[in-house]
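Student: Requesting a structural model of the entry that follows:
(one chain, ligands or ions: 1)
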Amino acid sequence: MVKSWRATVLTIFPEMFPGMLGRSLAGKALEAGHWHLETVDIRDFARDKHATVDDAPFGGGPGMVMRPDVVDAALDSVEGTNRPVIYLTPRGRLLTQSRVRALAEGPGAVLLCGRYEGIDHRVIEARGLEEVSVGDYVLSGGEPAAEIVLDACVRLLPGVLGSAASLDEESFERDLLEYPHFTRPQEWEGRAVPEILVSGHHERIRAWRLEQSEQLTRERRPDLWARYVARREKKDLMS
Ligand code: ADE
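Tutor: Take a look at the predicted model:
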């Protein structure tokens, strides 16, 4: 039996998990044993009777910073050191589909959620934590970000999604946004489904969808578009 993908979340709000991950696709996969989730309550590693995990920042400024000794003790309690240890922070590298794919192909992940202004920088350095952001906006803590990372990974685990073909076609696997989708009724509020989609010409439908994807990506995501064009040009040069 293959060992299932293992997620450990370190947080001061363990009751936030599994949260949305207990529902829908991720929840079914959790029940089916495709992955395993455990939480570690960082507060259990505080050293004083008030269970203090944070303190004021040296140098002054707003907010509180999580203590390195407490965070380190919580990390030390986690078994399975072959898994990447990820600290969720808006300062991190932006999460990409290719990082998600690599994580899903590995044994699992250890996710550290910060609150307040973040955690003491020394523990990030000393433990070589991988800093990851889920987008250019600030959440009130790492917990919803950890759920996003796990959701993105779990749907790629073997046996979780029905069709592998739908994975190849989807956004970001090709540096393109997805083309628009339509279903019945064929006409709704005076709007008809594009004629080409009911034509039965599979080759022309494929070409139309690619064109739609390309147009949307060019308009909305110049960053992805530049990567796509560079990749296409490289492929043309090699053929
Ligand atoms: N914590 C707060 N904001 C975050 C973000 N955008 N990504 C990851 N962790 C966070």
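Student: and Ala192, what is it in contact with?
Tutor: By CB atoms under 8 Å, 6 or more residues apart in numbering, the contact set of Ala192 is Gln186. Where you see a C-beta, it was placed from the backbone N, CA and C, and this is true even at glycine.
Student: Could you check how far it is from Gly142?
Tutor: The spacing between Ala192 and Gly142, counted by CB to CB, to the nearest Å, is 46 Å.
Student: Could you do Leu30 as well?
Tutor: Distance of Leu30 to Gly142, computed by CB to CB: 20 Å.
Student: Counting neighbours around each, name which of those two comes out higher.
Tutor: Shown here are Leu30 and Gly142; by other CB atoms under 10 Å, Gly142 has more neighbours (29 against 21).
Student: if I read this right, that one contacts Leu112, doesn't it?
Tutor: Yes. Contact criterion CB atoms under 8 Å: Gly142 and Leu112 qualify, at 7.0 Å.
Student: pLDDT on the helix or strand Leu237 falls within, on average?
Tutor: In the assignment (DSSP states H and E), Leu237 maps to helix 222-238. The predicted model gives helix 222-238 an average pLDDT of 94.
Student: can you check stretch 68-83 too?
Tutor: For stretch 68-83, mean pLDDT rounds to 93.
Student: contacting residues around that stretch?
Tutor: The contact list for stretch 68-83 (CB under 8 Å, 6+ apart) reads 6, 8, 10, 40, 42, 44-47, 52-53, 85, 106-110, 112, 119-120, 122-123, 126-127.
Student: Buried residues in that stretch, which are they?
Tutor: Neighbour counts over stretch 68-83 (16 or more other CB atoms under 10 Å) mark 68, 70-72, 74-75, 83 as buried.
Student: ditto for stretch 105-115
Tutor: 108-115.
Student: quick one: which helix or strand includes Val149?
Tutor: helix 143-154.
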